[in-house]
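Chemist: next come a sequence and a model predicted from it.
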Amino acid sequence: MLGFIVALESETPNLLESLTNVQKHKINGFNVYTFNVLKAYVTIVYSGVGKANAAAATQLLIDHFKIKTVINIGTCGGISKKINAGDIVVPQTLSYYDVDVTAFGYTLQQIPHMPTEYMVDQALFNKIESIIRSLQKKCVIGKIATGETFITQKSSSKFMTVIKSFDVVDMEACAIAQVCNRNGCSYAFIKIVSDTIHHKDVNEKQWNTNVANYGKNINELIINVSHFLVYEQQK
């Protein structure tokens, strides 16, 4: 089964109105919705912001809904100069930027006994890239780093040594990858850039405006990706 993880419901305005046979569930404080696609059920959970929330929401999908394929879709911040607001980024690799256990002999960015870097499922990645391009949308392939800080010009200084090698940053993706990796699930990510580090620091009002502008794209991607992947599973 297929499941989506989105951090905030504000990232998918009016999405539920476009879905079929929607059922709402409240589990462990999470808002979870199932909907029908080609006689199969797809699940979407709104995790809230941050790594712990994202990890808990991922395990919920796996345990309660027997999800085998997880897709995280939502907004992110641009780091690379090649990245612009509004770009759709499909990461191939994921890492944490705020993990440092080097005092115990681990690599920078590595949680003890876990990989330093996570790779998405290549077959799933290829399908998602194909779907996005079929919608005549620009698709940027890149690397994403996850941490608990909203990165701005001011807040980035302590992490710049690490994040400068990444294309985008967010606050959930790598935690989702870690949980999926431990459970043997396939996973992929679709991120729309809401702001970049190379522009004036974004305040909450500006960020909300940007997210509202890109919400239609996120909705369109959820609908198209779910239909394509369910169809592929049923062939």
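Modeler: Right, received. Where do you want to start?
Chemist: the most centrally placed residue in the chain: helix or strand, and which one exactly?
Modeler: Geometric centre of the chain, nearest residue: Asn72, 3.4 Å, by CA atoms, centre = their mean. Assigned by DSSP states H and E, Asn72 falls within strand 69-78.
Chemist: picking up where we left off before, what sits against the residue nearest to the centre of the chain?
Modeler: Neighbour list for Asn72: 4-6, 54, 172-173, 176, 187-190 [criterion: CB atoms under 8 Å, 6 or more residues apart in numbering]. Every C-beta, even on glycine, is put in place using the N, C-alpha and C of the backbone.
Chemist: next: Cys76.
Modeler: So Cys76 contacts 89, 144, 168-170, 173, 191-194 (CB under 8 Å, 6+ apart).
Chemist: where do the strands of this structure begin and end?
Modeler: Here the chain has its strands, by DSSP state E, at 2-6, 20-27, 30-37, 40-46, 69-78, 88-96, 118-119, 139-146, 168-170, 186-196.
Chemist: so which of these is nearest His227?
Modeler: Comparing the strands of the chain by their distance to His227 (CB to CB), the top pick is strand 30-37, with 5.7 Å.
Chemist: can you get me a residue count around Gln233?
Modeler: 13 (other CB atoms under 10 Å).
Chemist: confidence score at it?
Modeler: Listed pLDDT for Gln233 reads 84.
Chemist: packing partners of the longest helix anywhere in the chain?
Modeler: In the chain, assigned by DSSP state H, the helix with the most residues is helix 204-234. Packing contacts for helix 204-234, counted by 3 or more CB pairs under 8 Å, 6 or more residues apart in numbering; DSSP states H and E, involve strand 2-6, strand 30-37, strand 40-46, strand 69-78, helix 122-134, strand 186-196.
Chemist: mind putting these in TSV, mean pLDDT and distance to Thr58 included?
Modeler: Compiled in TSV, those are given as follows (pLDDT from 0 to 100; distance: least, CB to CB, whole Å):
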stretch	mean pLDDT	distance to Thr58
strand 2-6	98	6
strand 30-37	97	11
strand 40-46	97	8
strand 69-78	95	6
helix 122-134	95	15
strand 186-196	93	9
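Chemist: any idea which of these gets closest to Ser95?
Modeler: Closest to Ser95 of the helices and strands packed on helix 204-234, according to CB to CB: strand 186-196, at 12.7 Å.
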